[in-house]
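>>> 3D, please:
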Amino acid sequence: MTDTNSRADLRRLTVVTGLSADHLQRTFRKAMGITPRQYADAVRVAHLKSDLRKGTDVTTALYEAGYGSTSRLYERSDAQLGMTPDTYRRGGRGMKISYTIADCLLGRVLVATTDRGISAVSLGDNDSRLAAELRKEYPNAEIRRSPSEHSRWLRAIIRGLAGLPPQIDLPTDVMATAFQRRVWEALRSIPSGTTSTYSEVARSLGQPRATRAVARACATNPTAIVVPCHRVIRSDGSLGGYRWGLQRKKLLLEDERRTAKHRSDFAKGRK
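Numbering: from 1, shown residues only. All right, here's what the predicted structure looks like:
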């Protein structure tokens with residue numbers, strides 16, 4: 001395995017493996033679903049997050065994780081942590097999250113946002129439990145319930161829960177590994193009213209053996225509807241898993257198929 005405390009230097013790896021740079025890139029991506037550099041970045045972030053959770057100061061944590069400078073870490077922190085390293089270390093202290101909970105066709109939906117995008121979309125039946133899960137993720141963040149803030153995002157999500165297109169592109173502000181981000185982007189390309197299998201998503205990423213890894217990425221998706229993990233099913237046609245309940249997944253798919261059929265019938269009628 002590559003030294004995760006240094007950059008994924010292809011020239012060094014070609015010497016170690018005896019493979020050409022192009023062949024190494026293709027082989028590594030086929031096996032892992034990401035490039036050597038993305039893999040090293042993901043492992044480095046995992047080390048950093050682990051140290052920050054333990055209370056290690058940012059300077060020590062960043063050097064132990066293999067970042068060469070504070071500027072290098074901070075220029076990537078938004079994409080890799082969703083916040084600055086110091087904010088993450090402090091359990092979100094200094095981070096401002098607003099959320100609202102509303103009725104939807106599937107019970108209750110919590111939508112949590114920062115100024116940069118949507119951090120969580122959770123489904124459930126109990127408001128207190130939904131709010132507690134958000135506070136558990138960011139125990140020291142400034143979290144407040146604000147029904148009116150980012151209301152257009154809430155309306156778009158409720159449309160999505162009714163099987164309708166959201167109408168606006170919904171930005172996210174979440175923490176993820178490089179592989180999770182690739183999976184979630186692939187899920188956002190699945191059209192409403194259709195489904196893909198876990199193995200089909202894995203193949204679309206160039207990693208046909210990564211079916212289980214794709215399933216795990218779907219299971220850890222924090223933003224229901226925004227990243228439509230409900231559109232991924234098993235190869236045998238069964239629903240698979242859904243962190244907010246299989247009955248909700250079933251209803252979402254039924255609503256989307258019904259809406260897609262209505263749109264198709266309407267388009268045919270106009271011809």
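>>> these two touch, right, Leu105 and Gly160?
No. In this structure, Leu105 is not within contact of Gly160 by CB atoms under 8 Å, at 10.4 Å. Bear in mind the C-beta positions are built from the backbone N, C-alpha and C, glycine included.
>>> neighbour-wise, which of these two wins?
Neighbours per residue (other CB atoms under 10 Å) separate Leu105 from Gly160, with Gly160 holding more: 24 against 13.
>>> give me the nearest residue to that one, chain neighbours excluded.
In this structure, Gly160 finds its nearest non-sequential neighbour in Ile225, 3.9 Å apart by CB to CB, 6 or more residues apart in numbering.
>>> how close does that neighbour sit to Lys96?
23 Å (CB to CB, to the nearest Å).
>>> and the pLDDT for Gly160?
As predicted, Gly160 sits at a pLDDT of 84.
>>> check which helix or strand covers it.
Counting by DSSP states H and E, the element that carries Gly160 is helix 151-161.
>>> what's that helix packed up against?
Here helix 151-161 touches strand 96-104, strand 107-113, strand 118-124, going by 3 or more CB pairs under 8 Å, 6 or more residues apart in numbering; DSSP states H and E.
>>> let's see that with 7 Å instead.
strand 96-104, strand 107-113 (3 or more CB pairs under 7 Å, 6 or more residues apart in numbering; DSSP states H and E).
>>> what residues of the helix or strand that comes right after that helix count as buried?
Using DSSP H and E, the helix or strand that directly follows helix 151-161 along the chain is helix 178-188. For helix 178-188, a neighbour-count test (16 or more other CB atoms under 10 Å) marks 178-184, 186-187 as buried.
>>> quick one: the residue lying closest to Asn221 once chain neighbours are set aside from Ser264, how far?
Using CB to CB, 6+ apart and skipping residues adjacent in sequence, the residue nearest Asn221 is Cys229, 4.5 Å away. Distance, Cys229 to Ser264, by CB to CB: 24 Å.
>>> who's more crowded, the two?
For the pair Cys229 and Ser264, the greater number of neighbours falls to Cys229 (28 against 11), based on other CB under 10 Å.
>>> in contact with the more buried one, which residues are there?
Taking CB atoms under 7 Å, 6 or more residues apart in numbering, we find Cys229 in contact with 187, 218, 221.
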